[in-house]
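K.L.:
give me the fold of what follows.
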Amino acid sequence: MFPCLALPALLVLSPARAASAAQGAPTPASVAAAIQADGAAQALGALDDADTFDTVTDGIAAADPAWLALVPAMGPGLDSDSGPAVAAALALALPQKPRLVLPLLDAATPALDPARVCAHPFMHDEVPDLKGYVRRTRAALRGVRDEGLRGVRDRCLAALGTAKSVP
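P.N.:
A predicted model of the protein is given here:
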């Protein structure tokens, strides 16, 4: 009887994760709360374990400002699974809202490195028209004239120009 009582105690969630689980699909607010309560690695791992990390990457890929705002807090928790997914999502958001995406790029975090994000790090068939994507992204980046974004914009344009086609 004691082992049955101990199992629920082992499955106790933090308040942030319990609130997120009770709500169903994660929201930017619930993910932010989980990151703050549990740390980025644990919060992102819980999303992956619950098969809800796609909600996060879909929001980022759609260039939703609320999801994009979470990217810096997610950075320390990005691993070999979540990192490439976030890099690809940021790459998809880049031609839509380059002024929101460029400040998130950070060479100190591998998944957020402009050399990675801007080199169209797509998996499978995320972008059926890769040439069109490159053309749209290049035009969007050239439209960014903000002095503070010039350096990252130029690194991104360079990476975009040297990227190899994905098979």
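
K.L.:
from here on, just use CA atoms for contacts and neighbour counts.
P.N.:
OK.

K.L.:
list the residues that contact the residue nearest the centre of the chain.
P.N.:
Residue closest to the mean C-alpha point of the chain, counted by Cα atoms, centre = their mean, is Val86 at 3.0 Å. For Val86, the contact set (Cα atoms under 8 Å, 6 or more residues apart in numbering) comprises Thr57, Ile60, Ala111, Leu112.

K.L.:
in helices, which of these fall?
P.N.:
Using DSSP state H, the subset of the contacts of Val86 located in helices is Thr57, Ile60.

K.L.:
could you export the contacts of Val86 as JSON lines, including neighbour count, distance to Ala159 and pLDDT?
P.N.:
Listed next are the contacts of Val86 as JSON lines, based on neighbours: other Cα atoms under 10 Å; distance: Cα to Cα, whole Å; pLDDT from 0 to 100:
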{"residue": "Thr57", "neighbour count": "21", "distance to Ala159": "22", "pLDDT": "96"}
{"residue": "Ile60", "neighbour count": "27", "distance to Ala159": "20", "pLDDT": "98"}
{"residue": "Ala111", "neighbour count": "26", "distance to Ala159": "14", "pLDDT": "93"}
{"residue": "Leu112", "neighbour count": "26", "distance to Ala159": "13", "pLDDT": "96"}
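
K.L.:
mind listing what Ala85 touches?
P.N.:
Thr57.

K.L.:
quick check: which element contains it?
P.N.:
helix 82-93 (DSSP states H and E).

K.L.:
average pLDDT for the helix or strand that that helix is followed by?
P.N.:
The C-terminal neighbour of helix 82-93 among helices and strands, as given by DSSP H and E, is helix 98-101. Throughout helix 98-101, pLDDT has a mean value of 98.
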